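Undergrad: here is my input; please provide its structure:
(one chain, ligands or ions: 2)
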Amino acid sequence: MSEATNIHPIFNSILSREKKEGLLKQNGVVLWMTGLSGSGKSTLARALEFALHDLGYFTMLLDGDNLRTGVNSNLGFSEEDRKENVRRSAEVSKLFASAGIITICSLISPTEEIRDAAKEIIGEEDFKQVFIDAPFEVCAERDVKGLYKKALAGEIKNFTGLDSPFETPANPFVRIPTAEQSLEESLKQLLEAVLPIIKLTENK
Ligand SMILES: Nc1ncnc2c1ncn2[C@@H]1O[C@H](COP(=O)(O)OS(=O)(=O)O)[C@@H](OP(=O)(O)O)[C@H]1O
Ligand SMILES: Nc1ncnc2c1ncn2[C@@H]1O[C@H](COP(=O)(O)OP(=O)(O)O)[C@@H](O)[C@H]1O
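TA: Numbers count the residues shown, from 1 in each chain. Ligands and ions are numbered 1, 2, ... in the order given. Next comes the predicted model:
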């Protein structure tokens with residue numbers, strides 16, 4: 001909630017979103033990737049961005065780890081901080097999507113409440129939830145950054161899936177089971193889901 005008073009927002013620009021989407025020849029959207037650490041969010045987000053770029057789409061990738069070095073640098077991993085982390089990331093994503101950009105936002109965003117809050121900010125129409133699904137044991141086995149080893153040794157507190165919850169998304173736009181298929185198959189599945197919604201609709 002804003003703490004400032006006497007604020008009078010105007011539309012950012014009189015140039016409409018439709019005009020921008022028309023120029024870019026695409027529909028702006030937020031592809032919201034959720035999943036455990038090590039599930040494959042960043043890997044797939046990067047692969048998707050390259051693939052879309054090669055197909056002529058204009059994209060922006062917002063990755064949780066990266067956002068935490070900048071706009072979210074004062075936040076940790078308590079429930080309150082994760083909520084604020086997701087709130088800010090959703091607000092930023094919304095700005096990019098409103099400029100017609102295909103925005104890939106990859107954050108653990110561990111609970112339904114947190115993801116619903118992101119959906120509320122971005123708007124149901126633009127919010128497409130991509131569940132990157134890999135079991136805790138598989139992520140711990142991959143242990144890309146060595147965080148599971150540390151968390152299981154008690155060196156990291158509030159670790160997602162261990163002493164901090166991760167809730168399975170009830171109704172994702174698409175679920176990508178990365179423990180059951182290759183990166184190439186995951187990317188293909190993701191592209192098949194995404195391409196129909198980003199193709200420019202008539203009259204723009
Ligand atoms: N306690 C704890 N739990 C989970 N993850 C941790 C933690 N501490 C640090 N990290 C690193 O932070 C990355 C997750 O940040 P997010 O902003 O995506 O998390 S959240 O959406 O606010 O829950 C996460 O990145 P990914 O592995 O890409 O998910 C980790 O690199
Ligand atoms: N089908 C798949 N899709 C994405 N990543 C996969 C897949 N299969 C195995 N992996 C591996 O899993 C790891 C996921 O790590 P990362 O992308 O950093 O996850 P996250 O961003 O969710 O923490 C990478 O080492 C990646 O190569």
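Undergrad: so where does Q189 fall, helix or strand?
TA: helix 183-198 (DSSP states H and E).
Undergrad: ranges for the helices of the protein?
TA: Using DSSP state H, the helices of the chain run over residues 17-24, 41-54, 64-67, 79-98, 112-122, 136-142, 147-152, 183-198.
Undergrad: what does the chain put close to ligand 2?
TA: 35, 37-44, 132, 142, 144, 178, 181-183, 186 (C-beta under 6 Å from any ligand atom). Any C-beta I mention is one placed from the backbone N, CA and C, and that applies to glycine too.
Undergrad: so among these, which ones count as buried?
TA: Buried members of those, scored by 16 or more other C-beta atoms under 10 Å, are 35, 37-44, 132, 142, 178, 186.
Undergrad: tell me which two in these are the farthest apart.
TA: Spatial extent of those (C-beta to C-beta) is set by the pair S37 and S186 at 17.0 Å.
Undergrad: could you list the buried residues of stretch 7-18?
TA: Buried residues in stretch 7-18 (16+ other C-beta under 10 Å): R17.
Undergrad: start to end distance for it?
TA: 27 Å (C-alpha to C-alpha, to the nearest Å).
Undergrad: returning to that earlier point: I'd like the helices of the chain as CSV, with distance to ligand 1 appended.
TA: As requested, the helices of the chain are exported to CSV (distance: least, C-beta to the nearest ligand atom, whole Å):
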stretch, distance to ligand 1
helix 17-24, 27
helix 41-54, 5
helix 64-67, 3
helix 79-98, 4
helix 112-122, 7
helix 136-142, 8
helix 147-152, 6
helix 183-198, 15
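Undergrad: per-residue pLDDT, H8?
TA: You'll see H8 listed with a pLDDT of 78.
Undergrad: next one: it from ligand 1, what distance?
TA: For H8, the distance to ligand 1 (C-beta to the nearest ligand atom, to the nearest Å) stands at 32 Å.
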